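Student: sequence first, then the predicted structure:
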Amino acid sequence: MRLVDDQHLAPFRKLLDEYNQCFYERDIERLQNLYVADEDVIYFDNHQDCDSYNLTDHIQKVANFFKSGNIVPLSYENLVFYQFGQSACMLVKFRYLDRPQAGIRTSFFLECHDTQWKIRHIHYSFDPNETGI
């Protein structure tokens with residue numbers, strides 16, 4: 001079911017804001033807590049050599065990036081949320097504020113664990129329909 005009212009959207013918007021804030025603050029522990037705990041996380045990035053097929057690998061790559069990577073503020077648009085039971089899909093297009101073209105199409109697959117929404121999968125890809133790739 002597509003979610004449209006603010007009451008149902010609130011926990012997903014909160015998760016998205018917290019996820020982005022973890023990058024701005026380079027907070028690896030807080031970021032790791034946003035994911036499911038069972039290690040079975042698949043992460044497809046929009047940058048070379050950043051994909052991961054388990055949580056430990058993903059967190060290690062992000063931790064290395066946090067040491068010296070340039071973290072650029074983002075804007076986002078076209079938020080769409082679907083929920084069925086304890087699973088949800090969040091779709092959004094991000095834009096790096098210093099390079100808004102091309103947008104980054106993003107899919108989050110989420111699961112509810114003990115009343116908390118957790119990330120199971122993320123897929124980023126530059127929008128091939130826009131210039132600037």
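Tutor: Noted; the coordinates are in hand. Since we're looking at a predicted model, the values are computed, not measured.
Student: check which helices and strands the lengthiest strand in the chain is in contact with.
Tutor: Of all the elements of type strand in the chain, the one with the most residues (DSSP state E) is strand 99-113. Judged by 3 or more CB pairs under 8 Å, 6 or more residues apart in numbering; DSSP states H and E, strand 99-113 is in contact with helix 6-25, strand 87-96, strand 116-126. The way it works is simple: take the backbone N, C-alpha and C, and place the C-beta from them, glycine included.
Student: identify the residues contacting the residue nearest to S52 when sequence neighbours are not counted.
Tutor: Closest residue in space to S52, ignoring its immediate chain neighbours: H58 at 3.6 Å, by CB to CB, 6 or more residues apart in numbering. Counting by CB atoms under 8 Å, 6 or more residues apart in numbering, H58 makes contact with Y35, V41, Y43, S52.
Student: can you check D40 too?
Tutor: The contact partners of D40, by CB under 8 Å, 6+ apart, come to N54, L55, R120.
Student: what's the pLDDT at L34?
Tutor: Here, the pLDDT recorded for L34 equals 98.
Student: so it sits against D17, correct?
Tutor: No - applying CB atoms under 8 Å, one finds L34 not in contact with D17, separated by 11.1 Å.
Student: pick out whichever of the two has more residues nearby.
Tutor: Taking neighbours as other CB atoms under 10 Å, L34 and D17 compare with L34 leading, 16 against 11.
Student: next, the contact list for the more buried one, please.
Tutor: For L34, the contacting residues are L15, E18, Y19, C22, K118, I119, taking CB under 8 Å, 6+ apart as the criterion.
Student: farthest-apart pair in those, please.
Tutor: Comparing every pair within the contacts of L34 by CB to CB identifies C22 and K118 as the most remote, at 13.7 Å.
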